[in-house]
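> quick one, what's the 3D model for this:
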Amino acid sequence: MIQFADNYMQKYGAQIVEFGMKTISKPVIDRLPVNQINEFAYRQLDRVSYHLINLECLFAPTLGLSYLPITATSI
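Numbers count the residues shown, from 1 in each chain. Presented below is the predicted three-dimensional model:
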C-alpha cells in the first residue's frame, strides 16, 4: 500500500509541475514566431540530409555498399 501511495504522490507531483510549466510558459510561447522557427528548422534538416546523402555517395565504395543511395531528388 505504501508503494501505491508513493507512486500516486510522484504522479501527482509531476502533474502539478507540468501544469505550472504550461501556465507559466504559455504567454511566452504564444508570442514566439512559430512559423519562422519551423521554416528555419526545415531548412536546417534539408541541409543535414543533403550532406548525409553526399557523404554516403562518397564513402559507399569504401564501406562496400552495393546499393544505390537515396538521392534528394527521389525523396
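> lowest-confidence helix or strand of the chain?
The weakest-scoring helix or strand in the chain, judged by mean pLDDT, DSSP states H and E, is helix 34-63 (a mean of 79).
> pull out the buried residues from that helix.
Under the neighbour-count criterion of 16 or more other CB atoms under 10 Å, helix 34-63 has residue 53 buried. All C-beta atoms are positioned from the backbone trio N, CA, C, and that covers glycine.
> near residue 31, how many other residues are there?
Other residues within reach of residue 31, judged by other CB atoms under 10 Å, total 8.
> quick check: it vs residue 45, distance?
Note on residue 31: its distance to residue 45, by CB to CB, to the nearest Å, is 25 Å.
> show me how the chain divides into domains.
The chain resolves into domains spanning 1-32, 33-75 when parsed by automatic domain parsing.
> so residue 15 versus residue 50, what's the distance?
Counting by CB to CB, the separation of residue 15 from residue 50 is 42 Å.
> please read the previous query as pertaining to residue 20.
Noted for residue 20: a distance of 41 Å to residue 50, by CB to CB.
> centre-most residue in the chain?
residue 41 (10.0 Å; CA atoms, centre = their mean).
> restrict stretch 25-41 to CA atoms and write it as CSV.
Taking Å, rounded to 0.1, in the frame of the first residue of the first chain, the C-alpha atoms of stretch 25-41 are listed here in CSV:
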residue,chain,number,x,y,z
SER,A,25,5.3,29.3,-20.4
LYS,A,26,2.1,29.8,-22.4
PRO,A,27,2.3,33.6,-22.7
VAL,A,28,5.9,33.3,-23.9
ILE,A,29,5.1,30.5,-26.4
ASP,A,30,2.2,32.5,-27.7
ARG,A,31,4.5,35.4,-28.6
LEU,A,32,7.1,33.4,-30.4
PRO,A,33,7.1,33.4,-34.3
VAL,A,34,6.5,29.7,-34.6
ASN,A,35,6.2,29.8,-38.4
GLN,A,36,9.6,31.4,-38.7
ILE,A,37,11.1,28.8,-36.3
ASN,A,38,9.5,25.9,-38.3
GLU,A,39,10.8,27.2,-41.6
PHE,A,40,14.3,27.6,-40.1
ALA,A,41,14.2,24.0,-38.7
